[in-house]
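1. following is a predicted model, sequence given first.
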Number of protein chains: 2
Amino acid sequence: MASMPSRPIPEATVARLPVYLRSLLDLAEGRGQLNVSSEELANLAGVNAAKVRKDLSYLGSYGTRGVGYDVEYLLYQITRELGLTQDWPVAIIGVGNLGRALASYKGFSERGFRIMALFDVDEKVIGSTVGGLPVRHLDDLKEVVNDESISIGVIATPPVAAQEVAERLADAGVKSILNFAPTVVNLPPDVTVRKVDLSTELQILSFFQQRIQAIATAREANRRLGAGR
Amino acid sequence: MASMPSRPIPEATVARLPVYLRSLLDLAEGRGQLNVSSEELANLAGVNAAKVRKDLSYLGSYGTRGVGYDVEYLLYQITRELGLTQDWPVAIIGVGNLGRALASYKGFSERGFRIMALFDVDEKVIGSTVGGLPVRHLDDLKEVVNDESISIGVIATPPVAAQEVAERLADAGVKSILNFAPTVVNLPPDVTVRKVDLSTELQILSFFQQRIQAIATAREANRRLGAGR
DNA sequence: CTGACCTTGTGATAACGCTCACAAAGTCCG
DNA sequence: CGGACTTTGTGAGCGTTATCACAAGGTCAG
């Protein structure tokens, strides 16, 4: 039956492929390097070499023993595996601070994500232009998704609106959603939702930071005890 | 020696605590609910009930069998465990699109992360005010970190600058860094770095989106084959 | 006070991901 | 052409995370 994926690629590997991709682009564009060893790629990507090799082995045997990987060829294979040989049309819903920043973010278009439409419900911003695109009313979502073949939706609304927006996206046929709103959205399992939560990240940092300070405090107390003895 | 953590809390659990925290806040503030079962909390947080119970059990036995968890008490325990009983002073480095959005983002201050200083190297923005704070030169970083007891640094610079900024932060004594620049930064292991990469997230979505379309295409081909038989 | 009922807390087990270590396969120099 | 050297690809083992299933502990009505 045509080409089933030889082995299913683990999710952890998929999450690292974009990192390798970026490292390879640096090598190719910056230094024009032709070959790269798993060791070198590992350093650039901030992981260890064995992991790089195992990850790449899921894509196939694209390396040459004794030499390493051909940068251009590997670039192509990862690009293909990630589905980045084509451009993806993206819509952003919510044109607040974050939505605006995302709409103007160069990194997206550079990587083939074309922001095709912006939506909001606030009459004050509807009709205005952000990053060269008009802001449309959320009610137009389904129509625009169809017309522009939007396949990825980015939610940048306040948390209360996120669930409804997510449902509207799903209803319009969008199967991939990136959610920046700090709330969990529930959707049928055929829709892939990824969540980016800025506060959550800081809270995790807080946990480790606190641990550092707790240790420092304990050590300080210890030192004093020692001195008093 | 005082209170060592009874059991070390798994990192996967730490990463979920902020999600539970948010769900509990919704319950407390929104509906004024007093008790919550692992089942209900699981639904709100988008995980399964057993995982909730196991996660919470690392914090201690704070539930009541037959009843559930006391919302306020659990809120307090998670807040304490995450080190959120105190405010954390934060600096943002890089005042481009993203830096500005972060500087104005309400979600940070709401959760006790106080943005105390902004830095850049572009003379055009230095001295200007963003979100009520003056933008200072990166060279003042160390001084300000000391004066304001900055404990968390947020990197929102272009990728080429990220490594140097990270090193300067580490040199100034910052042990927790949130990196939005799309590049890996290498620092000594006593510095905790978390990375948020917007393009990476879209690329992961692309992978799954592509898979969907590949399946749809295969099914379509199949259908035609079947019809032609 | 008793028994039906509910929900937690946790061992046991399965799935997953990471790392190690080394054979296999190639290069390259003399 | 042969042997030293390099680096991949991967099986095996280990640690972490997720899930299951149920005894233990508690509520609550009568």
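-> Sure, I can see it.

2. so in chain A, where's the weakest helix or strand by average pLDDT?
-> Of the helices and strands making up chain A, the lowest-confidence element is helix A:198-228, at a mean of 87, by mean pLDDT, DSSP states H and E.

3. what's that one packed up against?
-> Taking 3 or more Cβ pairs under 8 Å, 6 or more residues apart in numbering or on different chains; DSSP states H and E as contact, the helices and strands that helix A:198-228 lies on are helix B:11-25, strand B:88-93, helix B:106-110, strand B:113-120, strand B:152-155, strand B:176-179, strand B:192-195. Just so you know, the C-beta spots here come from the backbone N, C-alpha and C atoms, and that holds for glycine as well.

4. tell me what the third one is packed against?
-> Pointing back at helix B:106-110 there. Partner elements for helix B:106-110 (3+ Cβ pairs under 8 Å, 6+ apart): helix A:198-228, strand B:113-120.

5. so which of those is nearest DNA strand D?
-> DNA strand D sits nearest to helix A:198-228 of all the helices and strands packed on helix B:106-110, at 12.3 Å, using Cβ to the nearest atom of the strand.

6. up against DNA strand C, what does chain A have?
-> Residues of chain A lying near DNA strand C by Cβ under 7 Å from any atom of the strand: A:10-13, A:47-48, A:50-51, A:53-54, A:64-67.

7. redo that, cut-off 6 Å
-> Within chain A, the residues that sit near DNA strand C (Cβ under 6 Å from any atom of the strand) are A:10, A:11, A:12, A:48, A:50, A:51, A:54, A:64, A:65, A:66, A:67.

8. who touches the last one in this structure?
-> Which is residue A:67. Residues in contact with residue A:67 (Cβ atoms under 8 Å, 6 or more residues apart in numbering or on different chains) are residue A:35.

9. please tell me how far it sits from residue A:37.
-> Going from residue A:67 to residue A:37 by Cβ to Cβ, to the nearest Å gives 8 Å.

10. let me see the contact set for the closest residue in space to residue A:157 that isn't next to it in sequence.
-> Once flanking residues are discounted, residue A:157 sits nearest to residue A:94: 3.6 Å by Cβ to Cβ, 6 or more residues apart in numbering or on different chains. Residues in contact with residue A:94 (Cβ under 8 Å, 6+ apart) are A:119, A:120, A:155, A:156, A:157, A:158, A:161, A:165, A:181.

11. does the third one have any beta-bridge partners, and if so which?
-> Spelled out, it's residue A:155. residue A:93, residue A:179 (DSSP bridges).

12. my read is that it contacts residue A:167, right?
-> No. Residue A:155 is beyond contact range of residue A:167, at 11.0 Å (criterion: Cβ atoms under 8 Å).

13. circling back to that earlier point, and the helices and strands packed on helix A:198-228: which comes nearest residue B:138?
-> For residue B:138, the closest of those is strand B:113-120, at 4.8 Å, according to Cβ to Cβ.

14. helices or strands up against the helix or strand just after that closest one?
-> Downstream of strand B:113-120, the first helix or strand assigned by DSSP states H and E is strand B:129-130. Packed against strand B:129-130 by the contact rule (3+ Cβ pairs under 8 Å, 6+ apart) you find helix B:97-104.

15. the helix it packs on near chain A anywhere?
-> Yes. Applying Cβ under 8 Å from any Cβ of the partner chain, one finds helix B:97-104 in contact with chain A at B:97, B:98, B:100, B:101, B:102, B:104.

16. so can I have JSON lines of the helices and strands packed on helix B:106-110 showing mean neighbour count?
-> Below are those laid out as JSON lines (neighbours: other Cβ atoms under 10 Å in any protein chain shown):
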{"stretch": "helix A:198-228", "mean neighbour count": "16"}
{"stretch": "strand B:113-120", "mean neighbour count": "22"}
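
17. where does chain A dip in pLDDT?
-> Applying pLDDT under 70 to chain A flags the ranges A:1-6, A:227-229.

18. give me that answer again for 50
-> For chain A, applying pLDDT under 50 flags the ranges A:1-5.

19. near DNA strand D, which residues of it show up?
-> Residues of chain A found near DNA strand D (Cβ under 6 Å from any atom of the strand) are A:37-39, A:50, A:53-54, A:56-57, A:61-63, A:65-69.

20. if we go to 7 Å?
-> So far as Cβ under 7 Å from any atom of the strand goes, chain A lies against DNA strand D at A:36-39, A:49-50, A:53-54, A:56-57, A:61-69.

21. now residue A:53: closest residue in space, sequence neighbours ignored.
-> residue A:38 is the one closest to residue A:53 (Cβ to Cβ, 6+ apart), at 4.6 Å.

22. so what's the one you found up against?
-> Contact analysis of residue A:38 by Cβ under 8 Å, 6+ apart lists A:49, A:50, A:52, A:53, A:56, A:63, A:68, A:69.
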